[in-house]
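> Attaching a predicted model along with its sequence, questions to come.
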Amino acid sequence: MGVEIGGTKLQVVLGDEAGKISERRKLQVDPAKGAAGIRQQIEQAVLALTQGRRVARVGVGFGGPVDWKTGRICVSHHVEGWSEFDMSGWLSQVAGAPVVVENDANVAALGEALRGTGVGFNPVFYVTLGSGVGGGLVVDGRVYHGAKPGEAEMGHVRLDRKGTIVEKRCSGWAVDARIRKLSAKEPGSLLAKLVAQGEQSRTSGHSSRAVGGEARHLVPALEQGDPVAKRLLQEIAEDLAFGLSHAVHLFHPEIIILGGGLSKVGEPLRAGVESELPRFMMEAFLPGPRVALAALGEDAVPVGALLLPMPSAELG
């Protein structure tokens, strides 16, 4: 069994030791109900999926810091009620099986490394560009952990001495904010017009969606050659490449995989990062790692969660 617990999304899947998903329950999280509400959803999904079956192992990818050795949640930055919760102990009673808990970026990294774009490469560095920016390093088929509480916190790598971090420039929320600022500054651009049309549609439809999600207009603006969109993409690619250059100098991955919602920009983003990365690398390490897009999409965490509890010898 694999479980993905995010700030807005919850997935519980059944699958095999190869990471192949056979059944799934996908649910929306209501943050107002807190961690207790999410646990109730998990319990109901587990019971529905396991009727007449025995679960051998459970892997969990949690959207926040965890103590992977004990299976306890450190904290959630999205939902109240998770701090110091014994996830492993609780879920093992619900599912009747041993439970391994990891940060969701690490779990996605494992999924992509073993069953996605990273197959055949070692080490694999994965960066997820979602509402925040996370990272994961997989070496010899296993998630790499530094000294506690060390993780591959790509989003908190600094871009300057003033404290600007990758997450403040390259996360989904950061890109949304940059698009809003550009739209106000250059209202005649195609990107600004697409944002305005989206806002009119939202208002006329009485949607309850808050301000945000402007990054979804970046792809159509790029496809139509909008100079403002191109300039923004260049800035994002440059910022991300500069941040990733530190990971390259320290860990020397054979491949860097771009995942998360912003990676849906696709080839323009991938090519931009790959083009910019050598500028920030010492000459001895050129041409540098391959830069690729994630292959598993929304299945990265569930697939990684299925593989998480497997002994190294069985991963293959």
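In hand now; what should we look at?

> Tell me how far Ile255 lies from Val291.
Using CB to CB, to the nearest Å, we find Ile255 at a distance of 8 Å from Val291. All C-beta spots, glycine's among them, are computed from the backbone N, C-alpha and C.

> which sections of the protein are below the confidence cut-off?
The model of the chain has pLDDT under 70 over residues 149, 202-211, 311-316.

> Do a quick rundown of the strands in it.
With DSSP state E as the criterion, the chain has strands at 2-5, 9-15, 21-28, 58-62, 66-67, 72-73, 99-103, 124-129, 133-139, 142-143, 255-259, 290-293.

> buried ones in the second one?
This means strand 9-15. Judged by neighbour count using 16 or more other CB atoms under 10 Å, the buried positions of strand 9-15 are Leu10, Gln11, Val12, Val13, Leu14, Gly15.

> re earlier: so Ile255 and Val291 - more neighbours on which side?
Taking neighbours as other CB atoms under 10 Å, Ile255 and Val291 compare with Val291 leading, 23 against 20.

> about what we covered before: can you add distance to Cys170 and give the strands of the chain back as a markdown table?
Output for the strands of the chain, formatted as a markdown table (distance: least, CB to CB, whole Å):
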| stretch | distance to Cys170 |
| --- | --- |
| strand 2-5 | 22 |
| strand 9-15 | 21 |
| strand 21-28 | 26 |
| strand 58-62 | 21 |
| strand 66-67 | 23 |
| strand 72-73 | 26 |
| strand 99-103 | 19 |
| strand 124-129 | 6 |
| strand 133-139 | 6 |
| strand 142-143 | 22 |
| strand 255-259 | 10 |
| strand 290-293 | 14 |
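
> Need the winner for burial among those.
With neighbours taken as mean count of other CB atoms under 10 Å, the strands of the chain reach their highest mean count in strand 124-129, at a mean of 30.

> for that one, packing partners?
Applying 3 or more CB pairs under 8 Å, 6 or more residues apart in numbering; DSSP states H and E, one finds that strand 124-129 contacts helix 104-115, strand 133-139, helix 227-251, strand 255-259.

> Indicate which one of the strands of the chain is closest to Ala229.
With CB to CB as the criterion, Ala229 lies closest to strand 124-129 of the strands of the chain, at 16.7 Å.

> What lies in contact with the closest one?
Applying CB atoms under 8 Å, 6 or more residues apart in numbering, the contact partners of strand 124-129 are 104-105, 108-109, 112-113, 118, 133-138, 152, 154, 170-172, 240, 244, 247-248, 251, 253-263, 289, 294.

> ok, that strand: who's next to it in the sheet?
strand 133-139 (antiparallel), strand 255-259 (parallel) (DSSP bridges).

> and Leu307, which of those is closest to it?
strand 133-139 (10.4 Å).

> which other residues reach the closest one?
So strand 133-139 is contacted by 103-110, 113-114, 118, 122-128, 143-144, 151-155, 166-167, 170-171, 247, 251, 253, 260 (CB under 8 Å, 6+ apart).

> hmm, try it at 7 Å
By CB atoms under 7 Å, 6 or more residues apart in numbering, the surrounding residues in contact with strand 133-139 are 105-106, 108-110, 113, 118, 122-128, 143-144, 152-155, 166-167, 170-171, 251.

> on that earlier part again, so of the helices and strands packed on strand 124-129, which one's packed in deepest?
helix 104-115 (a mean of 29).

> tilt between that helix and strand 255-259?
Angle, helix 104-115 to strand 255-259, by axes from the mean of the first three to the mean of the last three CA atoms, to 10 degrees: 120 degrees.

> Please find the angle between the direction vectors of helix 104-115 and strand 99-103.
Our comparison of helix 104-115 with strand 99-103, counting by the same axes, to 10 degrees, yields an angle of 110 degrees.

> next one: helix 104-115 to chain centre, how far?
Computed by CA atoms, centre = their mean, to the nearest Å, the chain-centroid distance of helix 104-115 equals 9 Å.

> Please apply the same query to stretch 8-27.
The chain centroid and the centroid of stretch 8-27 are separated by 16 Å, computed with CA atoms, centre = their mean.

> Likewise for stretch 254-272?
Chain-centre distance of stretch 254-272: 12 Å, with CA atoms, centre = their mean.

> Between the two ends of that stretch, how far is it?
Taking CA to CA, to the nearest Å, stretch 254-272 runs 18 Å from one end to the other.

> Give me the contacts around that stretch.
Contacts of stretch 254-272 (CB under 7 Å, 6+ apart): 108, 112, 117-118, 121-130, 172, 175, 215, 218-219, 222, 233-234, 237, 244, 273, 289-294, 300.

> Would you mind measuring from the residue lying closest to Arg72 once chain neighbours are set aside to Leu218?
Distances taken as CB to CB, 6 or more residues apart in numbering place Asp86 nearest to Arg72, at 5.4 Å, with adjacent residues excluded. In this view, Asp86 and Leu218 are 41 Å apart by CB to CB.

> of the two, who's got more company?
Higher neighbour count among Asp86 and Leu218: Leu218, with 27 against 15, using other CB under 10 Å.
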